[in-house]
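1. Show me the folded form of this:
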Amino acid sequence: MPTPVRFVLVHPRTPENLGAAARALKNFGQSEWTWARPPWSPEDPRARRLAVGAEDVLAGARLAETLEEAVSDCSGVVGTSGRARLRPTPLDPDAFAAEAARRPGRVALVSGDERTGLRRADLAACHAPTRIRADARQPSLNLSQAICLYAFSLSRRPEARVGPPPRPTSDAELRQLECSTAC
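-> Below you'll find the predicted structure:
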């Protein structure tokens, strides 16, 4: 199972992004998310249109009035930002996934409005920042794209993989395979 993370979306701007985000979460084995101060309902047809195959994730969104309510039971809260000058140094998606796997309890990944991101007060309420490095001319990703990158990073963690790790192939086995296909 992937590392459990609660994706928290603060005042998401468009229902279409919520549908696309639900699909991205399901693609990578995540399903826990909360919308804080949402202007939209999980039943919005515009969101459902883009949640292809992930209607259950869309319908399972928890609603909260505040960011504090959305993360009150989390042991770690990490806020996303496109800002270049963040302190402390922001985690990239892979470093976030590693930190989430190490931390006991539930970790929240908080994202803000698609146009303006998290307000400074919301980002200050987080324990750490995270950022996806992008071209400085377009530093902000679409909300559903960012969620997809973080969910993908969480799915790549070794403890997220199902079953035992594959056994390394020996040199002798490789040579035998080469001979059987080439001989």
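2. residues touching G105, list them.
-> G105 makes contacts with C74, S75, G76, as judged by CB atoms under 8 Å, 6 or more residues apart in numbering. C-beta coordinates here come from the backbone N, C-alpha and C atoms, glycine included.
3. Let's see the pLDDT reported for it.
-> What the model reports for G105 is a pLDDT of 88.
4. Kindly report the same for M1.
-> 57.
5. hmm, back to that, drop anything exposed from the contacts of G105.
-> With neighbours counted by 16 or more other CB atoms under 10 Å, these contain buried members at C74, G76.
6. among the contacts of G105, which are in strands?
-> Assigned to strands by DSSP state E, the following of the contacts of G105 qualify: G76.
7. Tell me the secondary structure at L63.
-> Remark: L63 carries the secondary structure label strand [criterion: DSSP: H, G, I helix; E, B strand; the rest coil].
8. Was I right to think it contacts W35?
-> Yes. In terms of CB atoms under 8 Å, L63 counts as a neighbour of W35; the distance is 5.5 Å.
9. Between these two, which has more neighbouring residues?
-> The residue with the greater number of neighbours, taking L63 and W35 and applying other CB atoms under 10 Å, is W35; the counts read 22 against 14.
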